[in-house]
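Engineer: Structure for this input, please:
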Amino acid sequence: MPLNYQIKDGIEYAKDPGVSYRTEKGVRKKGAVYLGRVIDKDKRLFYNKSRGVFHYDEDTRTFSEADQGYLELLKADKKEHRKQREPRSRKIILDFGDAFFIDTLIKSIKYDTVLQSIGCDNTDTLFSLLLYYIITDNANSHAETWWEGSYASVLYPKAQLNSRRISEFLKKLGEEERQRKFFEAHISWLKENICNDPAILIDSTGLPNSIHFPLAGISNHNGIISREVRMTTVVQRDSGFPMMYRLAPGNVVDVSTLTRTVIILSIFGVNTDMAILDAGYYSDGNVDQLYDAGIDFITRLPEKNWNTYSEIKEKCLPDLMKKENLIDFNGRYVYMNSCEVMIGSKKNHTAYGYLGYDVDRASDEIHKAIEKAPDRKTTLEAMHNKIQESGLFEIISALPFKNDEMLPAYYVRQLAEQYFDIGKGISRMIPLRVHSEESVKGHLMLSQMAATINVYIQQKMKKYYDNREDILMSLRNQKCEVYDTKIVTREGVRTANEYYKTFDIDCPKFIQRKNGQLVPKYDIADAFVNKV
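Structural biologist: Reported below is the predicted structural model:
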C-alpha cells in the first residue's frame, strides 16, 4: 500500500499503514510500521532512532542500509528547525551595500535572465542563495542567519534557506533538465554580452568527497590518491569566463572526457575551432579526432608519449641553447626551439613540436636534486642525467607559431587555473557537502554562477589595486534602516561610493515599499508624497 505522510512542526514523517482487512466491526489494519522522518521521499530514505538512516521498500516491506552521511545533514537541520520555532524579533538595521551592489550588478549585466530561464519554483531562494555564494564563503548551514541580517531578506522575502530546504533546492537545481536549461542560457548570455569566440580552454580538477555515491571514485592524479568527483571545465579562451562543466567519477581518466565535452558544447551552439588543453588530454585517439573535426589545439606533451617526445628532443636540443632562441616571457627566461613532427595513431597529421628550457625551473630542480642526493645515495651518472633533463618541457601544436609566440599562446590556459582558484576559493566550489549526484550538480551550478560574477568583478577591477574582498567588505559596512513604507540607506563610506561609481551603479537615498514592490528613490522630494 502507499505510504502515509504527515507534516508536524514543519518536518515530514512517514509510516507504512499496513494491510487492510474486514471484520464484523468494519475495516481494520494490521502490520503498521512507523518509519520516522523523511530524508528523501523519491528514494524512500527515512530516519528513526532505532535504525538510523535506512531505505524502505513498501512493496516487499523490507529494510536495507543507506548512507549514514545523511546524519550530519539532519543534525544541522535540527538546529535550524529549533531556531525556526523560537520567536524572532524583526531586524530594523540590515547590511545593505553588498547585497544591493551584487543584485544590481547581476541585473545590469542581464545575468538575471539566466537565472529566470532555469525554471525554479522559488526564485527568491535561487537569487538569495546566489548572493550568499558570491558574498560569503561560509557553509550553507549559515545561509539563513546571513539572510536575516541582510538586505537580501527584503529583496527576496520568500526565500527558504534552512538547511533542509537548501538541500532539497540543490537537488532540484541538479536535475538534468534544469542543468541543460542553465548551460543553454549561460552560454547564450556569454556570447551575446561578453564574447562570441569559439576558442576554448579545457581543464579538469578533483572535488574531494568522502561520501559514497556514484560520482565519488578513487582517483590517482599525479600520484595523489583520493576519493573525489572529477570535474571537467570549459573556459572561453578570449574572455576567461566559464562556459560549462561536466562531472565524472574520480576514477575516470581525463583523456576519455575530451571528445564528449566538445560534442556537448556543439549542442549548446559552440562550434569549437581551437582548444588549449591540459597535458592529461593528449592521446593518439584524441589527436585523430581533433584533426578530423578541424579543431586546432595546443597542449603540453607528456613524457609518457615517449616516441614523439624523443623525436622533438632529438631534433631541437642540439640548437636549443643559442642566443636567438632566448625568450623573455614575463620576466621568465626560456630557450625555445621548434620542429615539425608527424603525430596521431597513424602518424599522418602534421604538427609542430616545441622544446623549451626554463632557466629558473632548471636551477630549482638541480638544487632539489643536490639536496636529496646524499640521502638517496645518487650516483654521478644519475645526477648527470638529472642535470641534463632539468628545466626541459615540450609543447605540441596543430598550428605553427614563432618560437617567441608559443609561450604566450599556450599560457592563456592559466585562465582555466585562475577560474579554478576563484571557484574553489571565493565561489565555494569545495568542499562538497552533499549526498547525491543531483545535489552536487545543483551546488556546482550555483558555484559557476557565482564564479561568473566574481570573474566579471575582478576583470572590471584590474586597473585598480583593490580586490573583490575589499569591495564587498566596504559595501557591507553600508547599512540600511527598515521602516514600514521606506528603507533608508545610510551614507556609504568614500570607498563604497567609489565602487558604485566604477560599476556605474547609483545608490538610492531610500527605497519605497509599495504594493509589494521596491522602488529606488534618489531625490529628497520623493519622500514627501503628500507635500503640495
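
Engineer: Assign the residue nearest to residue 136 when sequence neighbours are not counted to helix, strand or coil.
Structural biologist: Spatial nearest neighbour of residue 136, excluding adjacent residues (C-beta to C-beta, 6 or more residues apart in numbering): residue 146 at 6.2 Å. Where you see a C-beta, it was placed from the backbone N, CA and C, and this is true even at glycine. Classification of residue 146 using DSSP: H, G, I helix; E, B strand; the rest coil returns helix.

Engineer: pretty sure residue 146 contacts residue 139?
Structural biologist: No: the criterion here is C-beta atoms under 8 Å, and residue 146 misses it with residue 139 at 10.7 Å.

Engineer: Give me the more crowded residue out of these two.
Structural biologist: Legend: neighbour count by other C-beta atoms under 10 Å for residue 146 and residue 139, higher for residue 146 (19 against 12).

Engineer: how about the more buried one, what does it touch?
Structural biologist: Residues near residue 146 by C-beta atoms under 8 Å, 6 or more residues apart in numbering: 132, 135, 136, 138, 152.

Engineer: how much space between the fourth one and residue 155?
Structural biologist: The span separating residue 138 from residue 155 equals 19 Å under the rule C-beta to C-beta, to the nearest Å.

Engineer: what do you get for the second one?
Structural biologist: Remark: distance between residue 135 and residue 155 (C-beta to C-beta) = 13 Å.

Engineer: what touches both of these two?
Structural biologist: Residues touching both residue 135 and residue 155 (C-beta under 8 Å, 6+ apart) are residue 99.

Engineer: Is the closest residue to residue 37 other than its chain neighbours in a helix, a strand, or coil?
Structural biologist: Using C-beta to C-beta, 6+ apart and skipping the chain neighbours, the partner closest in space to residue 37 is residue 47 (4.6 Å). Of the three states, residue 47 takes strand under three-state DSSP.

Engineer: circling back to that earlier point, now, of the contacts of residue 146, which are buried?
Structural biologist: 132, 135, 136, 152 (16 or more other C-beta atoms under 10 Å).

Engineer: Residue 198 belongs to a helix, doesn't it?
Structural biologist: No: according to three-state DSSP, residue 198 belongs to no helix; its state is coil.

Engineer: picking up where we left off before, I'd like to know the beta-bridge partner residues of the residue nearest to residue 37.
Structural biologist: Here residue 47 sits in beta bridges with residue 37, residue 53, as judged by DSSP bridges.

Engineer: I'd like to know how many residues surround it.
Structural biologist: So residue 47, with other C-beta under 10 Å, has 20 neighbours.

Engineer: That one is in contact with residue 36, isn't it?
Structural biologist: Yes: taking contacts as C-beta under 8 Å, residue 47 lies within contact range of residue 36: 5.4 Å.

Engineer: for the stretch 201-350 of the chain, what are the low-confidence residue spans?
Structural biologist: Along the stretch 201-350 of the chain, the parts satisfying pLDDT under 70 run over 208-227, 250.

Engineer: switch the cut-off to 50
Structural biologist: Counting by pLDDT under 50, not a single residue of the stretch 201-350 of the chain qualifies.

Engineer: which residues in it form helices?
Structural biologist: Ranges of helices within the stretch 201-350 of the chain are 258-267, 284-292, 306-316, based on DSSP state H, counting those that start in this stretch.

Engineer: Direction-wise, compare the second one with helix 306-316 and give the angle.
Structural biologist: Regarding helix 284-292 and helix 306-316, their directions subtend 70 degrees when assessed with axes from the mean of the first three to the mean of the last three C-alpha atoms, to 10 degrees.

Engineer: residues in contact with helix 284-292?
Structural biologist: Contacts for helix 284-292 (C-beta under 8 Å, 6+ apart): 255, 258-259, 275, 296-297, 343-346, 349, 351, 398.

Engineer: Of these, grab the buried ones for PyMOL.
Structural biologist: In PyMOL syntax, the buried subset of the contacts of helix 284-292 is picked out as below (16+ other C-beta under 10 Å):
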select buried, resi 255+258+275+297+343+344+349+351+398
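
Engineer: quick one, what contacts residue 278?
Structural biologist: Counting by C-beta under 8 Å, 6+ apart, residue 278 has contacts 202, 203, 204, 254, 299, 300, 413, 416.

Engineer: What is the nearest of those residues to residue 390?
Structural biologist: Relative to residue 390, the closest of the contacts of residue 278 is residue 300; by C-beta to C-beta it sits at 16.5 Å.

Engineer: And residue 268, how close does it get to residue 185?
Structural biologist: 10 Å.

Engineer: One more: residue 30?
Structural biologist: 53 Å.

Engineer: Comparing those two, which residue is more hemmed in?
Structural biologist: A direct count of neighbours by other C-beta under 10 Å for residue 30 and residue 185 places residue 185 higher, at 18 against 9.

Engineer: Now the helices of the stretch 201-350 of the chain in TSV, please, with extra columns for distance to residue 358.
Structural biologist: What follows is the helices of the stretch 201-350 of the chain, written out as TSV (distance: least, C-beta to C-beta, whole Å):
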stretch	distance to residue 358
helix 258-267	27
helix 284-292	25
helix 306-316	14
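
Engineer: which residues of the protein score low on pLDDT?
Structural biologist: Along the chain, the parts satisfying pLDDT under 50 run over 80, 83-87, 423, 425-427, 431-432, 532.

Engineer: which helix in it runs the most residues?
Structural biologist: Using DSSP state H, we find that the single longest helix of the chain is helix 437-460.

Engineer: buried stuff in that one?
Structural biologist: Applying 16+ other C-beta under 10 Å to helix 437-460 flags 437-458 as buried.

Engineer: got the angle between whatever helix or strand comes next after that helix and helix 437-460?
Structural biologist: The helix or strand immediately downstream of helix 437-460 is helix 468-476, counting by DSSP states H and E. Interaxial angle, helix 468-476 versus helix 437-460 (the same axes, to 10 degrees): 90 degrees.
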